[in-house]
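A.B. asks: Take a look and give me a structure for this.
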Amino acid sequence: MQDNNQNINSQDPNTNLGTENASPDRYDTDINNKNSNSNNNNNASNSQNAISNNAFVEINEIRKKKQRLIYWTIGSVILILIIGITIIYFTEFYKPNKSKLITLTMWGIRQPGSVYTPVIKEYEKLNPNVKIVYQQVPSTYYESSLFNKLSSGVNEPDIVSVGNTYIPIYQKFLSPAPASVITKLQFQNLFYSTAVSDFTSGNNVYALPSNYDGLALFYNKTEFQKAGLTAPSSNINTFISQIPKLVVKNSAGNVTQAAIDIGTNTSNINNSYNILTYLMFLNKTKMISGNAVTFANGQNGQEALNIYNKIAQEDQWGATFPNSISAFAGGSVAMVFEPSWEVQNILKLNPNLNLGIVMPPQIPGNTVNLSLYFGRAVTKYSKNPTAAWKFIRYLDSRNVLLQLYNSEIQNGEVLGEVFPRVDMASLASKYKYMSPFVQMAPSSKTWAMGDYRKTANIFENVINGKITLKEAQSKIYSMLIQITNGNYSVPPNE
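C.D. replies: Numbering: from 1, shown residues only. Coordinates of the predicted model:
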């Protein structure tokens, strides 16, 4: 029984519990310990989560800082690029630099560089991308030098001075003015009719006149007073009757003073060809018709030559006289036919000369004068023809023409270049010796004789009696045919 009870007791849960010293308090303690451990684990887990969250925030902040740095860097680079591009634009395109600088070379004849310097500097200030180089070329070899340059196709000079009769020779080498600079209608409104005839063809403008000039009559007022005359007559017939009164002879009967520079020996007469041409115009000689040279056709041309010879006979101009300018300044002749630029040379030789200038005598009802002047043109070889034309147009503006004139006077000129613009005619009375030339301008003309110097030489041979007027006509026609065909070359030293 006992054993049974013992077995039973041994199987009693309480006994087992007892054996294991288990009790409700310890059980609770274990539970609490487990809970405590669980809480500790949770706290540790929470701490780890908190650390993880803080690290994430820090990482995000670092990332944001890096992103901001990247953005700032990119923005700075873009800003630098924009500034750089802006600087390059203003340096390379807006402001001129050496690669964009336009250099224009201009040839002149009469005026030295000192006259043009102030105008050129002012233009370069207004146009900082343009540089003007001016070169004065002596008249003795200007034409041949220019023709050789143009014939060789050299791109300098850009701007050239062209005599009003030389356009037929140079036209194939010239670049006509763009309509944006000047149109033919504008040209007609600005300049005298002789310039329209001389410098335009069709609707093209090939040159702008740099001045006006023509063949005027210079006279010595003192010698006229001695002869009981006040001035040369404006009527050609009365004028011819004055000639004998102005011839002075010595006791031996030799002529010491001629009346005018008209004679059959042209070696010492500056303008014998121009004088004969003026007389032909006066006698209504048709110099040229279409492609034909016609001055020897009919009687008008021959009659003009007869008038020249009649005056020469009355005048008794001597072959031993000095040339026209020296003879007039020195008192060997009372009158000479000259253009305006000779005023300076005459008064330089004789500052005390009592000089008078008038329009040459006319036939009533037929006022006509001979024009002798220059224009500025642009060669077709210029790399910047529009820029060159803009500068030429600038030089022909009213203010610049006045500025150039003042520079000429400051440079020692007595009479500067006569204004080529019609709207400046009223200013002539303000300047000594200018009025007679402006008075001549509206009635002035010339003719397309080609090479001026060669034609002058042919006419001189007519005056000297070496060839007839018909032969002269044939020679000039042959020259014009060569020019038209492009086979003509300006002779050396022209």
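
A.B. asks: shouldn't S151 be in contact with G486?
C.D. replies: No: using Cβ atoms under 8 Å, S151 is not in contact with G486; the gap is 10.2 Å. (C-beta placed from N, C-alpha, C; glycine too.)

A.B. asks: The two - which one has more neighbours?
C.D. replies: Between S151 and G486, counting by other Cβ atoms under 10 Å, S151 is the more crowded of the two (12 against 7).

A.B. asks: May I have the residues that are in contact with that one?
C.D. replies: Neighbour list for S151: F173, S489 [criterion: Cβ atoms under 8 Å, 6 or more residues apart in numbering].

A.B. asks: Look at it and tell me its secondary structure.
C.D. replies: Taken by DSSP: H, G, I helix; E, B strand; the rest coil, the conformation at S151 corresponds to helix.

A.B. asks: Quick check: it vs N291, distance?
C.D. replies: 24 Å (Cβ to Cβ, to the nearest Å).

A.B. asks: what's the answer for N235, then?
C.D. replies: In terms of Cβ to Cβ, N235 sits 36 Å off from N291.

A.B. asks: Check G298 too.
C.D. replies: 18 Å.

A.B. asks: which residues does A259 contact?
C.D. replies: Contacts of A259 were listed using Cβ under 8 Å, 6+ apart, and they are Q242, I243, P244, K245, L246, V247, E314, D315, V333, A334, M335.

A.B. asks: and the closest residue to Q171 other than its chain neighbours, how many neighbours?
C.D. replies: Nearest residue to Q171, sequence neighbours excluded (Cβ to Cβ, 6 or more residues apart in numbering): Y206, at 6.1 Å. For Y206, the count of nearby residues is 19 (other Cβ under 10 Å).

A.B. asks: Go ahead and confirm Y206 touches I167.
C.D. replies: Yes: Y206 is in contact with I167 according to Cβ under 8 Å; the separation is 5.7 Å.

A.B. asks: Neighbour count: N235 and N291, which is higher?
C.D. replies: The residue with more neighbours, out of N235 and N291, is N235; 13 against 9, by other Cβ under 10 Å.

A.B. asks: Ignoring the adjacent residues along the chain, who's closest to L150?
C.D. replies: Nearest residue to L150 in three dimensions, chain neighbours excluded: F173, at 4.0 Å (Cβ to Cβ, 6+ apart).

A.B. asks: need the contact list for the one you found.
C.D. replies: F173 makes contact with L150, S151, T379, K380, Y381, according to Cβ under 8 Å, 6+ apart.

A.B. asks: hmm, which two among the residues you listed are most spread apart?
C.D. replies: The span of these, defined through Cβ to Cβ, is set by S151 and K380 at 12.1 Å.

A.B. asks: Do a quick rundown of the strands in the stretch 251-400 of the chain.
C.D. replies: For the stretch 251-400 of the chain, the strands defined by DSSP state E, counting those that start in this stretch cover 255-260, 288-289, 292-293, 333-338, 355-358, 369-370, 374-378.

A.B. asks: and the angle for the first one with strand 333-338?
C.D. replies: So the one you mean is strand 255-260. Here strand 255-260 points in a direction 40 degrees away from that of strand 333-338 (axes from the mean of the first three to the mean of the last three Cα atoms, to 10 degrees).

A.B. asks: Direction included, what does strand 255-260 pair up with?
C.D. replies: When pairs are called by DSSP bridges, strand 255-260 turns out to pair with strand 248-249 (antiparallel), strand 333-338 (parallel).

A.B. asks: Need the CA coordinates for that strand. CSV is fine.
C.D. replies: Written as CSV, here are the backbone C-alpha positions of strand 255-260 (Å, rounded to 0.1, in the frame of the first residue of the first chain):
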residue,chain,number,x,y,z
VAL,A,255,55.7,142.1,-128.4
THR,A,256,56.5,142.2,-124.7
GLN,A,257,53.0,141.5,-123.5
ALA,A,258,50.4,139.4,-125.3
ALA,A,259,46.7,139.9,-124.7
ILE,A,260,45.9,136.2,-124.1
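
A.B. asks: buried set for that strand?
C.D. replies: Using 16 or more other Cβ atoms under 10 Å as the test for burial, strand 255-260 gives V255, Q257, A258, A259, I260.

A.B. asks: of these, closest to F191?
C.D. replies: For these, the minimum distance to F191 (Cβ to Cβ) is 31.1 Å, reached by I260.

A.B. asks: Poorly predicted segments of the stretch 351-494 of the chain, please.
C.D. replies: Scanning the stretch 351-494 of the chain with the threshold set as pLDDT under 70 gives 493-494.

A.B. asks: at 80 instead, please
C.D. replies: 491-494 (pLDDT under 80).

A.B. asks: For it, just list every one of the helices.
C.D. replies: 385-395, 398-410, 435-440, 452-463, 469-485 (DSSP state H, counting those that start in this stretch).

A.B. asks: Cool, thanks, talk later.
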